[in-house]
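In: fold the stuff below for me.
(2 chains)
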Amino acid sequence: MTIEKKRSLLKDMTAAFLPSITIFFAISYLIIRTILFFQSPNPWYEKIVAMFLLLAELFILVHGIGYFMEIRSVYRKHRKLTSQDELPPLCTNVPPVTIIVSSYREPLNVVQETITCLYNLQYPNKQVVFLDDTRYDLTDADPVEMKSYRKAIEDLCKKCGVDLFRRRWHGAKAGMINDFLQFLAGNVKEGFEFTCFSGNNKWKPPKYLVVFDADCAPVPNFLAPVVATMESDERLAFVQTPQYYTNFENNRIARASGLQQAVFYEYICEGKSIHEAMFCCGTNVIFRREALMDVGGFEEESVTEDFATSLKFHLKGWRSRYMNKIMTFQMGPEDLEGYFKQQFRWALGTVGLLRQIIKHLIHNPTDLFKVRYWEYIISTTYYFIGMVFLILVLCPIIYIFFNVPSYFANPWLYVLFFVPYFIMSMTVFLWALKERNYRPIELFTGQLLIAITFPVYTKAALQAIAGIKGNFGVTNKTGASSLPLRVIWAQTSLALICFVACVWGVNRLIFEQDAPMAVLINIFWCAYHALVLCAVFYFNNPEERSAAGSLEAK
Amino acid sequence: MKKQDLLEHIQQAIRTEESAVAIFMRHLSAMILRSGLREEEIFKIRQTINFLVAENKKHKLLLESLYDRIAGEQANDF
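Out: This next block holds a predicted model:
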């Protein structure tokens, strides 16, 4: 056997067994933790703190197991982690496709690039429609500026032969697409304005609808494979393709958030697709118009209308698929303000759907397959990560200052059970993504960004649980800026408390001889959390100098 | 070819490859960093991309000036 073959075999063996072994370690750790919690004779107030920590760890373990199960599913399907789905043979027929891009006062240069790319999509039976959702009716905007913007959009559409649709504003993007669906169905409502710049006045309602965000740059051959996939299964409601941020080179936020996207769009989405539970992400997606009409269009009540609409599809027996082929480039958020706004909206929308899913699970448990429930619950609970992080940070602080333990175990037991589980989890996570060319250091920055977003996630999750809706502005795409310190007070003050706890912990180590190992472990966690939280300063200064070789620089 | 047809063809060329190439190249240049290729290879690819973009800009300017010149001509047949 050659060295190459041996290496390949070793890789295959690792891919086959490592996720399962990690799941075993995680479950073992969880069992030990739970037994120790219930057996401990500690007083009630210590038990309350410990219960929060146990729940936080349970959350991480369940989500970790979910992630490793997705990796295992991908391996089982392809017998390799690097393989992806084969594309179906391209269609000989060319069903009509309408490409829409909904825009709310996006900068003209961004819109221009998007329209240029849409114009260049190679497909013989396509129609591109720009859905201008800008609020020209608002009184607080400068009327001259708005008039000029309106005219510029019209000129741009005219120049590229792209049709333009406007309507009387209601219900943001979901409302806009629903109105356009009504228009396609021939139900012209008051306030609808359609201007045909393509010269094609005789077009029929399309079979498929492709949705892009206003800052997307799809490659010219985007349509053929997604249409072929839709044509291969008439019960497919939509096919989602990845989002890929390309403004990462000189921007820390775009780079880190792009890596979070990568973690999601690699094994998680592939696993969800295998389990027929892939949800729509709102852009770079093709829909079957018949399916959209069948579920009554996009869900307008949710701020993550794409996610909520996916549930409607699945409840009605439609299928969904994910095609892991990067065919669209996008711009990620470039500063903390934009990133926090985006994450708040996503968190509020997805956690908001949890109530609906639980309701279905209780009242109509057969509405979805078990695996789909699992996938939806994993997705909708993900944004509790903010609360979980807060608990993890607070527990060692409470121990150091008040001597209230939250981890009822001999420190040596902790080392014996926690360390192998932790090492295995990190190894699988990093190794699986390394197989797809992601470097550990980059992935770590993605995780840092998630950690410092904890106040945003916490607020969104609490708001979603309480059923409070939120207001959102458009993400700034005209350059990066830094947030004032008062906006990032939660991260900075918690970092400071962690630091003080470290100092106090060292003081305890020197002057008290009680449980030095436990104090040491808690000091370690406080120091680690202080460092993690200090990353807010790194990300709050998002722009980096242009790297050599950058196109922008040249 | 009639003047109007020629102008439309030129405009079409400006809208398609001349405008789109620069957009895609910018994205590709970033994407190449995640390709798993060695640094020297990435550097070479990016150099080529930069060259193509620069040439593309020149070509676009050339076409735009050609468009203006033809638009200003009195003749109708080309």
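In: off-centre distance for the longest helix along chain B?
Out: If you go by DSSP state H, chain B has its longest helix at helix B:39-72. Centroid displacement of helix B:39-72 relative to its chain, using Cα atoms, centre = their mean, to the nearest Å, is 5 Å.
In: quick one: mean pLDDT for that helix?
Out: For helix B:39-72, mean pLDDT rounds to 90.
In: would you mark the buried spots in that helix?
Out: B:42, B:45-46, B:49-50, B:53, B:56, B:60, B:63, B:67 (16 or more other Cβ atoms under 10 Å in any protein chain shown). Heads up, the C-betas are built off the backbone N, CA and C, glycines and all.
In: now the strands for the stretch 401-550 of chain A?
Out: Using DSSP state E, counting those that start in this stretch, no strands are found in the stretch 401-550 of chain A.
In: residue in it with the shortest distance to chain B?
Out: Closest residue of the stretch 401-550 of chain A to chain B, Cβ to the nearest Cβ: A:N437 (3.7 Å).
In: what's near enough to touch that residue?
Out: Contact partners of A:N437, counting by Cβ atoms under 8 Å, 6 or more residues apart in numbering or on different chains, are B:34-36.
In: list the contacts for the residue nearest to A:A495 when sequence neighbours are not counted?
Out: Distance criterion Cβ to Cβ, 6 or more residues apart in numbering or on different chains; nearest residue to A:A495, sequence neighbours excluded, is A:L533 at 3.6 Å. Contact analysis of A:L533 by Cβ under 8 Å, 6+ apart lists A:393, A:451-452, A:491-492, A:494-495, A:498.
In: before we move on, back to that, PyMOL command for the buried members of the contacts of A:N437?
Out: This is the PyMOL syntax for the buried subset of these, where burial follows 16+ other Cβ under 10 Å:
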select buried, chain B and resi 34
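In: and the contacts of A:N437 near chain A, which?
Out: B:34-36 (Cβ under 8 Å from any Cβ of the partner chain).
In: among those, which are in helices?
Out: Short answer: the ones next to chain A among the contacts of A:N437 have none in helices (DSSP H).
In: which of those residues lies closest to chain A?
Out: For those, the nearest to chain A is B:G36 (3.7 Å; Cβ to the nearest Cβ).
In: per-residue pLDDT, the closest one?
Out: According to the prediction, B:G36 has pLDDT 79.
In: name the single longest helix found in chain A.
Out: Longest helix in chain A, counting by DSSP H: helix A:3-39.
In: that one vs chain B: in contact?
Out: No - if you take Cβ under 8 Å from any Cβ as the test, helix A:3-39 misses chain B, and the best it gets is 15.0 Å.
In: off-centre distance for the helix or strand that that helix is followed by?
Out: Per DSSP states H and E, the first helix or strand lying C-terminal to helix A:3-39 is helix A:44-78. Once both centres are worked out by Cα atoms, centre = their mean, helix A:44-78 turns out to sit 18 Å from its chain's centre.
In: from the contact counts, what lies against the next helix or strand after helix A:44-78?
Out: Next helix or strand after helix A:44-78 toward the C-terminus (DSSP H and E): strand A:97-103. Packing partners of strand A:97-103 (3 or more Cβ pairs under 8 Å, 6 or more residues apart in numbering or on different chains; DSSP states H and E): helix A:108-119, strand A:126-132, helix A:172-184, strand A:208-212, helix A:223-232.
In: please enumerate the strands of the stretch 201-350 of chain A.
Out: Under DSSP E, counting those that start in this stretch, the stretch 201-350 of chain A gives strands at A:208-212, A:217-218, A:236-240, A:285-288, A:319-322, A:328-329.
In: chain neighbours aside, what residue packs nearest to residue 18?
Out: Since you didn't name a chain, this refers to chain A. The nearest residue in space to A:L18 (Cβ to Cβ, 6+ apart) is A:V428, at 5.3 Å.
In: actually it's chain B I care about, not the one you picked
Out: B:K60 (4.1 Å).
In: give the contact list for residue 61.
Out: Using chain A. Neighbouring residues of A:L61 by Cβ under 8 Å, 6+ apart: A:26-27, A:29-30.
In: at 7 Å what do you get?
Out: Contact partners of A:L61, counting by Cβ atoms under 7 Å, 6 or more residues apart in numbering or on different chains, are A:26, A:30.
In: picking that back up, okay, the helices and strands packed on strand A:97-103, which one's buried deepest?
Out: Among these, strand A:208-212 has the highest mean neighbour count (mean count of other Cβ atoms under 10 Å in any protein chain shown), at a mean of 25.
In: and that strand, what does it pack onto?
Out: Under the contact definition 3 or more Cβ pairs under 7 Å, 6 or more residues apart in numbering or on different chains; DSSP states H and E, strand A:208-212 sits against strand A:97-103, helix A:223-232, strand A:285-288, helix A:289-294.
In: for A:M51, find the nearest of the ones you listed.
Out: Proximity to A:M51 (Cβ to Cβ) singles out strand A:285-288 among the helices and strands packed on strand A:208-212, at 41.1 Å.
In: right, and A:A152 touches A:L108 too?
Out: Yes - with contact defined as Cβ atoms under 7 Å, A:A152 reaches A:L108; the gap is 5.5 Å.
In: for A:L236, what are its contacts?
Out: Contacts of A:L236 (Cβ under 7 Å, 6+ apart): A:230, A:288, A:319-321.
In: partner residues bridging it?
Out: A:R319 (DSSP bridges).
In: number of nearby residues for A:P411?
Out: By other Cβ atoms under 10 Å in any protein chain shown, the residues close to A:P411 number 17.
In: contacting residues for it?
Out: Applying Cβ under 7 Å, 6+ apart, the residues near A:P411 are A:517-518, A:521.
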